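Visitor: A predicted structure for the sequence below; I have some questions about it.
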Amino acid sequence: MKIALLGFGTLGQGIYRILERKREELERYAGQTVEIKKILVRDPQKPRGVPIEGLPLTASFQEILQDESIELVFEVMSSGSKGIEYNARLLEAGKQVISANKAAVAASFFELQETARKSGVHFRFEAAVGGGIPLLDPLGKISRLNEVDRLTGILNASTNYILTETCTGQEENKVLQEARRLGILEEDPADDLEGFDARRKLAILASMLLKQEIDELQIPTIGICRLSAPDFDWAGSQGRQLKLVASLIKQNDTYCLSVLPTALEKDHPMARTAGLMNRVLLEADLTGPLSFHGLGGGMDTVAHALWTDFFEVVHSQPVYFSRQPFAREDGSLDREADFYLRKETDSDGQVTRMSLARALDHDRQGWVVIEKGAP
């Protein structure tokens, strides 16, 4: 099978390295040889993390689109808008597409599914959420018969690493410097620190589980940028750990979504989720509680998830997610909870029960806002 890569940054190189390192096992399981025919990059002359001599680099998307010998494309670009455009055109051309592009999948979830359905090809995106955790495929199967009432999770490895290290008493600036050195922050650090990366992942999960359009920009989101020593001290004094928690709560005909700094009791499974680990907790009517846990980032980890999707393309029929005939209402802003509030100029805060809408107002006014997780 001839394949192409769109993008040759960390993930693109991870795909290439696994193919070179595990070619014999990979081709034996696939039942055919695998050849990278083209690799789309902005600048073919730019030095890479692997030797570029002999690599089939190109700056032309059209070369890949019009090459009928290319059957499957790994899309691992950072641009959401280009990801949507390129994925749609590849699917229309009858090519199988495997994407790790969170922004593209979140913004055009059902549209890309429908384009793939019309062409009778796969559109898979296991690597878009959860890093190395086998998450989306099981959730897709679970959601066929189960009513999923609640999902909570740590979905961003970078912020979890930062919060874990800061909780141990390390200086915030040094932790951020180390995170950059390790390469675990997004290209734009605000994507991680402001909660946007976790928000996109939650939008994908919510689209799957609620079976309706979810606008990620409407998900109430507060990042970790304002958290500082007084907040970690308060959490510690309460026997709690600070985490950036994404949540989906379903109640009758409404749903509540949020991405918020949350003070969890230290024996809570997510409070014990440290470093680069991700965790997703699920409550459903037939299966009961379920937990998914594993590395949320890293070149090999996420590239492995992409190759896992490759095997699904080779050995299984396409699976598509469809909208349900009715849509639940968004009740996120009305959800009430206990929130710790602190003016940035003060050293102490207070816990007050309020709606999420009021908590967001405090955030916009520059307050530190942390949800105090239920026992």
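Guide: Thanks, I have it.

Visitor: please name the nearest non-neighbouring residue to Glu213.
Guide: Closest residue to Glu213 in three dimensions, ignoring its sequence neighbours and counting by C-beta to C-beta, 6 or more residues apart in numbering: Phe110, at 6.6 Å. Every C-beta, even on glycine, is put in place using the N, C-alpha and C of the backbone.

Visitor: Asn323: which element?
Guide: You called it Asn, but residue 323 is Arg. Arg323 is part of no helix or strand when elements are defined by DSSP states H and E.

Visitor: give the buried residues for stretch 221-238.
Guide: For stretch 221-238, a neighbour-count test (16 or more other C-beta atoms under 10 Å) marks Thr221, Ile222, Gly223, Ile224, Arg226, Leu227, Asp231, Phe232, Trp234, Ala235 as buried.

Visitor: and for stretch 182-198?
Guide: Ile184, Leu185, Asp191, Asp192, Leu193, Glu194, Gly195, Phe196, Asp197, Ala198.

Visitor: what about those, which are in helices?
Guide: Here DSSP state H is the test, and the buried residues of stretch 182-198 give Asp191, Asp192, Leu193, Phe196, Asp197, Ala198 as lying in helices.

Visitor: thought the first one was touching Lys201?
Guide: No - under the criterion of C-beta atoms under 8 Å, Asp191 makes no contact with Lys201, lying 11.2 Å away.

Visitor: before we move on, the earlier item: which elements pack onto the helix or strand containing the residue nearest to Glu213?
Guide: Per DSSP H and E: Phe110 is located in helix 109-119. When contacts are defined as 3 or more C-beta pairs under 8 Å, 6 or more residues apart in numbering; DSSP states H and E, helix 109-119 sits against helix 80-92, strand 123-124, helix 196-210.

Visitor: what's in contact with the helix or strand of the chain with the lowest mean pLDDT?
Guide: Sorted by mean pLDDT, DSSP states H and E, the helices and strands of the chain end with helix 172-182, the least confident at a mean of 82. With contacts defined as C-beta atoms under 8 Å, 6 or more residues apart in numbering, helix 172-182 is touched by Ser158, Tyr161, Ile162, Glu165, Thr166, Leu185, Pro189, Ser228.

Visitor: ok, how many other residues are close to the first one?
Guide: The number of residues packed around Ser158, counting by other C-beta atoms under 10 Å, is 26.

Visitor: mind telling me what element it is part of?
Guide: helix 157-167.

Visitor: quick check: angle from that helix to helix 196-210?
Guide: Helix 157-167 and helix 196-210 are oriented at 120 degrees to each other (axes from the mean of the first three to the mean of the last three C-alpha atoms, to 10 degrees).

Visitor: doesn't Cys256 lie inside a strand?
Guide: Yes - counting by DSSP: H, G, I helix; E, B strand; the rest coil, Cys256 is found in a strand.

Visitor: so it makes contact with Leu248?
Guide: Yes - the pair Cys256 and Leu248 passes the contact test of C-beta under 8 Å, sitting 7.4 Å apart.

Visitor: okay, these two: which has more neighbours?
Guide: When neighbours are counted by other C-beta under 10 Å, Leu248 comes out ahead of the other of Cys256 and Leu248, with 23 against 20.

Visitor: element containing that one, please.
Guide: Assigned by DSSP H and E, Leu248 falls in strand 240-251.

Visitor: which strands and helices sit next to that strand?
Guide: Right, strand 240-251 is packed against strand 148-154, helix 157-167, helix 196-210, helix 229-237, strand 254-265, strand 367-372 by 3+ C-beta pairs under 8 Å, 6+ apart.

Visitor: average pLDDT for the helix or strand containing Tyr340, rounded please.
Guide: Assessed by DSSP H and E, Tyr340 sits inside strand 336-343. On average, the pLDDT along strand 336-343 is 97.

Visitor: residues in contact with it?
Guide: 230-231, 234, 263, 348-356, 359, 362, 366-372, 374.
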